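1. Build the 3D model from these lines:
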Amino acid sequence: MADLTVLHVARGHGFPDDFLETHEQAIARIDIEIESLLRNVRRLQFRKAQHMESIKHYKGLTTLARRLPPELLTCIFEDCIHDGWTRTPLTASHVCSEWRKATRIPTLWSHIYINSDAKDPYRRTLFWLENSKGSPLQITMDVRNDLSQMSGIMDLLLSHIQQWRTFTVNSILLRHANHILSLCNRPAPELRILNVSVVEESLHDLDQPDIDDEHELVGMMGSFPEAPHFHTVRISRNILPSHGTIPSSITNLSIDLMRPSLPVRSSVDKVLRLLEGLPALRNLSIALQYYGEERQFVPALDENRRVVLPELESLVLNGSPDIFRIVSHLTTPSLTRLHLRSTVELNGHAEEETGSYLRQFLERASPPLDLFELHDMDLSLSDLSACLGAVPRLKELCLHESDISDSIIQQLHGPGALCPLLHKLDLRWCGQVTGRALVKLVHARRVSSGDGENHTLLGNGSVPIDSITIINCAFVEEQDIIDLAQTTICRIVMQADDYCRRFGCCQNDRYRRRLELHQIAVMTRTSQNQNGVGKLIA
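-> As a prediction, the model looks like this:
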C-alpha cells in the first residue's frame, strides 16, 4: 500500500484526500486511549495510596496495642465481651503474642455463649470451659431450631454448675426453656442471676388462677434447689408469670412484657397473687417494652385488696395508665424509689384515675420516697400537690412530659415548703413551668452564707437545690439557664445511663447549639463561676 502511494506521488499526483485524515484520526484515538490509561493509572495510584495509609494506620494501632500492659488489654477485652462480642478472647489471641498472653487470663473465658444453630456448639462450649479454669461463669444459651446437641451441652454445663454466676436462656419456644430449666436441679452455690426470654407464645386466658404447664415457666419451680445467693430473676415474655413459679426467696424481679401479636388483657389480680408469694422483694420492675395500648390491665375484683411488701425499696411500672392500678393495692413501708412511666401518648388532659390511685397510695402507705419519677403522664395540680405533700423525705423529683406549674414550684420554697429535703430536679418537656419560677426556687433555697455546702438546712428547714436538669421546657429561656448555672449545677444534657437515651427524645441538640452560639457553654462547661457553686453541663 505504501509503495503504491509513493509511486502515485512520483508520477506527479498528490496524496489521496483521505490519507492524512485517516492517520490523524488514528493518532487522536491513540491519544484518547493513552489518556484513559493514564486516568486508570492515577486512579490505581490513589487507591494504592489509600491502602498504604490504612496499613500505616493499623500498624500504628497494633504497635500501640502491643505496648499496653496485659492488665489493661484484659480490661479492654472484657469491655468488648460485655458489649456482646463473645468471640473476643479467641479473635484477640490470633493478633500477636502479647495479645495471646493477655487472653490467657481465665476470667476472659468465663462468658460462655451457646447458639444451638451454630457449628459444633458442644466443642466450642468445651473449649471455653477448659480455658475458664474454675472462674465464675456467665452463661448465655440461645435455643433456636437445632436441638440435637442440647442434651450433651447441658450435661457439660451442669458438670460445672458450682461455677455458675449468671444463667441466661433465650428460647423461641416455651417448652424448650422449661426443659432446660428442669435439668438445673442441682445445687448452684454461686448462682446470682437467672434471665429467661421466650419469644413465640400462644396467647390464652391470662387471668387463669392455676398454673398451666403449657403456658407457664414451670421448669423454674424446681430448679436450683440450693442456691443461697440466687436473688435476681429477669423474665421477658408475653405472659405474666403465675403465683408459685418464682422462688419466694427472690429479692430482685424484672418482668418485661413483649408486644403481643393481638390485643390482650392482663389482670391486676394475677399480679397481686404473684407478689403475695414474694415477700422478700426489694426491687420490682414490670415493664411493657413497646409503646401502645395492645395490653390492658383489668382492675382487681376487690378494690380494697392489699399486698404487703415490707422490704420493697424500688418499684418501676412501665405501661398503659391502667397498669398503675397496681400501686393502689400495695403497702410498701420501705419504698424509696418510685418510677411510673406511661407508654401511651398523652391526650392533653389530666389523668384523674391515675392521679387518684397514686394519691391514695402515697397518703395511705406513706412510703419514705427519696426519688419520684413521672414519665409521660399528667396529674392534676391538686393531685400532684397532694402527692408531693405525702413524701416529705423526697430528695429527687423527675418529670418527663408531666407538667408542673409555677404554683407547685412556689410550694417548694418558703415557710412550710413541700419536700424540704429536695435537692435534685429533673424537668423535661414540661410545658407550663417558667424559667423565672425555677430561678426563684433555686435562689430561695440557696445557702445564705454562700459557702456552697450541699444539704445544709436553711432557716425554713429546706436544703439547697444542688442540681437541676432542664430539657425542652418551652418557657425556660436562655437567660434563665444562665441564671441557674450561676447558682447551682444546671444540666441541659442526658446522663450516660439515662432511660431516654434509647428513644432519643431528650437529645436537646438544638437548644444546646443555641447556647454554644452564645458562648455560654464554652465559658461554663470547664470552669465554675466566681462563687464556686454554679456550673452549666451542656
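2. quick one: low-confidence ranges for the stretch 251-400 of the chain?
-> Within the stretch 251-400 of the chain, the ranges that satisfy pLDDT under 70 run 261-262, 289-294, 348.
3. redo that, cut-off 90
-> Low-confidence segments of the stretch 251-400 of the chain (pLDDT under 90): 257-267, 288-304, 319-323, 342-354, 356-357, 360, 363-366, 377-381.
4. That one: helices as residue ranges?
-> Assigned helices in the stretch 251-400 of the chain, in chain order: 268-276, 352-365, 381-389 (criterion: DSSP state H, counting those that start in this stretch).
5. Figure out which of these is closest to His111.
-> Closest approach to His111 among the helices of the stretch 251-400 of the chain is made by helix 268-276 (31.1 Å; C-beta to C-beta). (Each C-beta comes from the backbone N, C-alpha and C, glycine too.)
6. Counting by contacts, list what the closest one packs against.
-> strand 295-298, strand 307-308 (3 or more C-beta pairs under 8 Å, 6 or more residues apart in numbering; DSSP states H and E).
7. Which one, of the ones you listed, ends up nearest to Pro187?
-> Nearest of these to Pro187, taken as C-beta to C-beta: strand 307-308 at 31.2 Å.
8. name the helices or strands packed onto that closest one?
-> When contacts are defined as 3+ C-beta pairs under 8 Å, 6+ apart, strand 307-308 sits against helix 268-276, strand 330-331.
9. Reformat the helices of the stretch 251-400 of the chain as TSV; add mean neighbour count and distance to Asn170.
-> Shown next, in TSV, are the helices of the stretch 251-400 of the chain (neighbours: other C-beta atoms under 10 Å; distance: least, C-beta to C-beta, whole Å):
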stretch	mean neighbour count	distance to Asn170
helix 268-276	19	22
helix 352-365	18	34
helix 381-389	18	39
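10. okay, the ones you listed in JSON lines with distance to Ala417 next?
-> Below are the helices of the stretch 251-400 of the chain laid out as JSON lines (distance: least, C-beta to C-beta, whole Å):
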{"stretch": "helix 268-276", "distance to Ala417": "35"}
{"stretch": "helix 352-365", "distance to Ala417": "18"}
{"stretch": "helix 381-389", "distance to Ala417": "10"}
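11. right, so of those, which gets closest to Ile239?
-> Nearest to Ile239 among the helices of the stretch 251-400 of the chain is helix 268-276 (9.7 Å), distances taken as C-beta to C-beta.
12. where along the stretch 1-150 of the chain do the strands fall?
-> 111-115, 137-143 (DSSP state E, counting those that start in this stretch).
13. Adding mean neighbour count and distance to Gln25, write these out as JSON lines.
-> Below are the strands of the stretch 1-150 of the chain laid out as JSON lines (neighbours: other C-beta under 10 Å; distance: least, C-beta to C-beta, whole Å):
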{"stretch": "strand 111-115", "mean neighbour count": "21", "distance to Gln25": "66"}
{"stretch": "strand 137-143", "mean neighbour count": "21", "distance to Gln25": "68"}
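14. May I have the secondary structure class of the nearest residue in space to Arg273 that is not next to it in sequence?
-> Leaving aside its chain neighbours, Arg273 sits nearest to His243 (4.2 Å; criterion: C-beta to C-beta, 6 or more residues apart in numbering). Using DSSP: H, G, I helix; E, B strand; the rest coil, the structure places His243 in coil.
15. Please apply the same query to Arg234.
-> Under the three-state scheme (three-state DSSP), Arg234 adopts strand.
16. show me the contacts for it.
-> Arg234 makes contacts with Ile193, Leu194, Asn195, Val196, Leu253, Ser254, Ile255, Asp256, as judged by C-beta atoms under 8 Å, 6 or more residues apart in numbering.
17. Mind listing the residues bridging to it?
-> Asn195, Ser254 (DSSP bridges).
18. His349 versus the residue nearest to Ala350 when sequence neighbours are not counted, what's the distance?
-> Leaving aside its sequence neighbours, Ala350 sits nearest to Ser380 (C-beta to C-beta, 6+ apart; 4.1 Å). Ser380 sits 9 Å away from His349, going by C-beta to C-beta, to the nearest Å.
19. tell me the contacts of the residue nearest to Glu200 when sequence neighbours are not counted?
-> Excluding the flanking residues, the one nearest Glu200 by C-beta to C-beta, 6+ apart is Ile172, at 5.4 Å. Listed by C-beta under 8 Å, 6+ apart, the contact set of Ile172 reads Val143, Arg144, Asn145, Val198, Val199, Glu200.
20. pretty sure the last one contacts Leu173?
-> Yes. Contact between Glu200 and Leu173 holds when scored by C-beta atoms under 8 Å: they sit 6.1 Å apart.
21. Looking at the two, which one has more neighbours?
-> More crowded of Glu200 and Leu173, by other C-beta atoms under 10 Å: Leu173, with 16 against 10.
22. and that one, what pLDDT?
-> pLDDT for Leu173: 89.
23. Hmm, Asp378 and His349 touching each other?
-> Yes. The pair formed by His349 and Asp378 meets the contact definition of C-beta under 8 Å, at 7.2 Å.
24. And these two? Which one has more around it.
-> Each of His349 and Asp378 has its neighbours counted (other C-beta under 10 Å); Asp378 has more, 24 against 8.
25. From Asp426, how far off is that one?
-> Taking C-beta to C-beta as the criterion, Asp378 is separated from Asp426 by 17 Å.
26. Contact partners for the closest residue in space to Ala102 that isn't next to it in sequence?
-> Among residues not flanking Ala102 along the chain, Leu73 sits closest, at 3.9 Å (C-beta to C-beta, 6+ apart). Leu73 makes contacts with Ala65, Ala92, Glu98, Trp99, Ala102, as judged by C-beta under 8 Å, 6+ apart.
27. re earlier: out of the contacts of Ile172, the closest to Ile239 would be?
-> Distance to Ile239 across these (C-beta to C-beta) is lowest for Val198, with 8.4 Å.
28. now Tyr475, nearest residue through space, not along the chain?
-> For residue 475 the amino acid is Phe, not Tyr. Spatial nearest neighbour of Phe475, excluding adjacent residues (C-beta to C-beta, 6+ apart): Thr434 at 4.4 Å.
29. Now do the contacts for that neighbour.
-> Asp406, Phe475, Val476, Asp480.
30. Give me the subset of these that lies in helices.
-> Mapping these onto helices (DSSP state H) picks out Asp406, Asp480.
31. okay, the contacts of Thr434 in TSV with pLDDT and neighbour count next?
-> Formatted as TSV, these follow (pLDDT from 0 to 100; neighbours: other C-beta atoms under 10 Å):
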residue	pLDDT	neighbour count
Asp406	95	16
Phe475	92	15
Val476	92	23
Asp480	92	19
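32. And the strands in the stretch 201-350 of the chain, which stretches?
-> Per DSSP E, counting those that start in this stretch, the stretch 201-350 of the chain carries strands over the ranges 232-237, 252-257, 264-267, 283-288, 295-298, 307-308, 314-319, 330-331, 337-342.
33. Compare the ones you listed and give me the one nearest Arg445.
-> strand 337-342 (22.5 Å).
34. Show me what the closest one is packed against.
-> Here strand 337-342 is seen to pack against strand 314-319, strand 371-375 when contacts are counted using 3+ C-beta pairs under 8 Å, 6+ apart.
35. Can you tell me the strand partners of the longest one and which way each runs?
-> Looking at strand 314-319 with DSSP bridges, its partner strands are strand 283-288 (parallel), strand 337-342 (parallel).
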